[in-house]
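> Quick one, structure for this:
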Amino acid sequence: MFFTIVVILITLFSFSYHEFGHAIAFRHCKVAVEEISLLGFKVKNLFLTLPIKWDLFPGTKWIITPLFLGAYVRPEEAWDKCTKKDALYIAGMGPLMSIQYGLFWLAVTQAILAIGDAQGELLTHLPHILLQAGIWLVVLWAIWRLRYLLCVYVLLPLGCAITFIVLAAIIKTGIEAVGVSDLVREVHATGGALVTEPLFEQVAEAIRQGATYAIAFGLINLLVISPLDGGHMLTQVLPQRALKTHMVIGLVLIVVLFALQIGRDAYNLFRTFF
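Below is the predicted model:
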């Protein structure tokens, strides 16, 4: 149970950090933000307004909702008037922050394992632990400092490459991606297997699992398929006459992939119980 709760919490807050990345980019590009949901999607009056005041986001409403599977940012105005580079930055900041968030928790995992393995010899291993921590901090700092360049020049080619690899794998092997039912069984099975491990290894493995899902969430959003962030980035470089075709193809691919995945999960669950 502990393992599952840690994985779920880290994964849920990756959604918040993802959308916060978009919000930061909006303000960088002088686009006002009307509302930021740190957790969940607003439905009628099912939300709680948080008493957050931040000069960077004047007049912005911060909320959380019980429908916690996701988060969102609502700008006050359309951002299609931004320059192409700024639009790439806005779309790319979400996936980039998801990746940075996951890397942070991987760094925490490595620190926990290193301290746990020291076993009473912490002072002896301290220089090595500090060196690893320093390397991770430099990587995370570099991602933040170079975020504009990464979003404008790196993420779109990376998203195109990921899309090509995913589609090629699907064509070659069929839907062999891990399904929801597989993920549930994996988390449950791994949590049970960790009961016999030392506490620090249980904590580290739980955090690593959540970090892996956060990074995967960021990479999936880089797929150049509408309405994902990668799809928004691709629309900034496509000619106007190709935008409608790209949107239709993207929606068809998403529907097909979800239908195949749901069918696979339904089959696996049926096989599990019957």
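> roughly how far apart are residue 35 and residue 237?
Using CB to CB, to the nearest Å, residue 35 is found at 29 Å from residue 237. To be clear about C-beta, it is placed using only N, CA and C from the backbone, and glycine gets the same treatment.
> higher neighbour count, the two?
Taking other CB atoms under 10 Å, residue 35 and residue 237 do not tie; residue 35 has more neighbours (19 against 12).
> The more buried one bridge partners, please.
Following DSSP bridges, residue 35 is listed with bridge partners residue 61, residue 74.
> how far away is it from residue 217?
In terms of CB to CB, residue 35 sits 22 Å off from residue 217.
> Where does the prediction get shaky in the protein?
1, 68, 80, 120, 170-197, 239-274 (pLDDT under 70).
> CA atoms of stretch 219-227 as CSV?
Listed next in CSV are the C-alpha coordinates belonging to stretch 219-227 (Å, rounded to 0.1, in the frame of the first residue of the first chain):
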residue,chain,number,x,y,z
LEU,A,219,7.9,12.0,-23.5
ILE,A,220,4.4,10.9,-24.6
ASN,A,221,3.3,14.5,-24.7
LEU,A,222,6.1,15.2,-27.2
LEU,A,223,4.4,12.9,-29.8
VAL,A,224,3.7,15.1,-32.7
ILE,A,225,0.0,14.2,-32.7
SER,A,226,-2.8,16.7,-32.0
PRO,A,227,-3.9,17.6,-29.3
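> mind listing what's buried in that stretch?
For stretch 219-227, burial by neighbour count (16 or more other CB atoms under 10 Å) applies to 219, 220, 221, 222, 223, 224, 225, 226.
> Show me which of these is closest to residue 18.
When those are ranked by distance to residue 18 (CB to CB), residue 221 comes first, at 7.5 Å.
> Could you check how far the closest one is from residue 90?
The value you get for residue 221 to residue 90, if CB to CB is used, is 13 Å.
> what about residue 64, how many neighbours?
Residues lying near residue 64 (other CB under 10 Å) number 18.
> ignore the last one, residue 106
Neighbours of residue 106 using other CB under 10 Å come to 18.
> count of residues packed around the residue lying closest to it once chain neighbours are set aside?
Distances taken as CB to CB, 6 or more residues apart in numbering put residue 211 closest to residue 106, at 4.7 Å, once the chain neighbours are dropped. The number of residues packed around residue 211, counting by other CB under 10 Å, is 23.
> isn't residue 211 right next to residue 99, touching?
No: in this structure residue 211 lies outside contact range of residue 99 using CB atoms under 8 Å: 10.2 Å.
> quick one on the thing from earlier: any idea whether the residue nearest to residue 106 is helix, strand or coil?
With DSSP: H, G, I helix; E, B strand; the rest coil as the basis, residue 211 sits in helix.
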